[in-house]
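Engineer: The following comprises the amino acid sequence and a computationally predicted model.
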Amino acid sequence: MSLHPAEAKVFEVLDVLGIAYTRHEHPPVFTVEQAERHWTGIQGAHCKNLFLRNKKGNRHYLVILLSSKQADLRGLNEKLSEDRLSFGSPERLQKYLGLEPGSVSPFGLINDRDKEVIVIVDQDLKQAGCVNFHPNVNTATVGIGAADFERYLAWTGNPVHYFQF
């Protein structure tokens, strides 16, 4: 099986960290709605990942929450003391996380060498046995244990905050 280089890099990091994972291939998906069709039989919590920027464009956030939840951007503005959050452009997504639209994932933090992206995690994910994300490509879903996910986030060195959504 030949993997996309971006995906191979994810598995290299997980192997180095000793994190077990399951991988499920599926057709390319760009939204949670499209992905839901391929989630049958995949155990664990499915996540939605949003790449956001502040109004000035000098702070970037990766928001990770359960796919069934809505991200209240106004509420998030207040919690983060930001003036206005909006979605980051495809160019910013590429620059900071090395990702294409439709494949946003916490595994993109592997590419954030300067640790500029602030990670906001739905605290309900701590209770999930397993969490699922794209492995930096939107043609597969990878599941890892929730405790291993926290370990991975600590390894990235990015600032991480847990909020209730």
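Structural biologist: Yep, it's here. Numbering: from 1, shown residues only.

Engineer: what's the span of stretch 85-99 from first residue to last?
Structural biologist: End-to-end distance for stretch 85-99: 20 Å, by Cα to Cα, to the nearest Å.

Engineer: Next secondary structure after the helix or strand bottoming out on mean pLDDT in the chain?
Structural biologist: Across the helices and strands of the chain, mean pLDDT, DSSP states H and E gives its lowest value to helix 32-36, namely a mean of 72. Per DSSP states H and E, the first helix or strand lying C-terminal to helix 32-36 is strand 45-54.

Engineer: Quick check: can you name the pairing partners of that following strand and their directions?
Structural biologist: Strand partners for strand 45-54, identified by DSSP bridges, are recorded as strand 60-66 (antiparallel), strand 85-87 (antiparallel), strand 130-133 (parallel).

Engineer: Export those strands to CSV and append columns for mean pLDDT, mean neighbour count and distance to E12.
Structural biologist: In this view, the C-beta of every residue, glycine as well, is placed from N, C-alpha and C. As requested, those are exported to CSV (pLDDT from 0 to 100; neighbours: other Cβ atoms under 10 Å; distance: least, Cβ to Cβ, whole Å):
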stretch, mean pLDDT, mean neighbour count, distance to E12
strand 60-66, 96, 22, 20
strand 85-87, 95, 15, 29
strand 130-133, 94, 22, 16
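
Engineer: doesn't G143 make contact with G129?
Structural biologist: No - counting by Cβ atoms under 8 Å, G129 stays clear of G143, with 9.6 Å between them.

Engineer: shared neighbours, these two?
Structural biologist: 43-44 (Cβ atoms under 8 Å, 6 or more residues apart in numbering).

Engineer: more crowded one of these two?
Structural biologist: Between G129 and G143, counted using other Cβ atoms under 10 Å, G143 has the larger neighbour count: 21 against 11.

Engineer: What backbone torsions are found at the more buried one?
Structural biologist: Dihedral pair for G143: phi -110, psi 140, per degrees, to the nearest 10.
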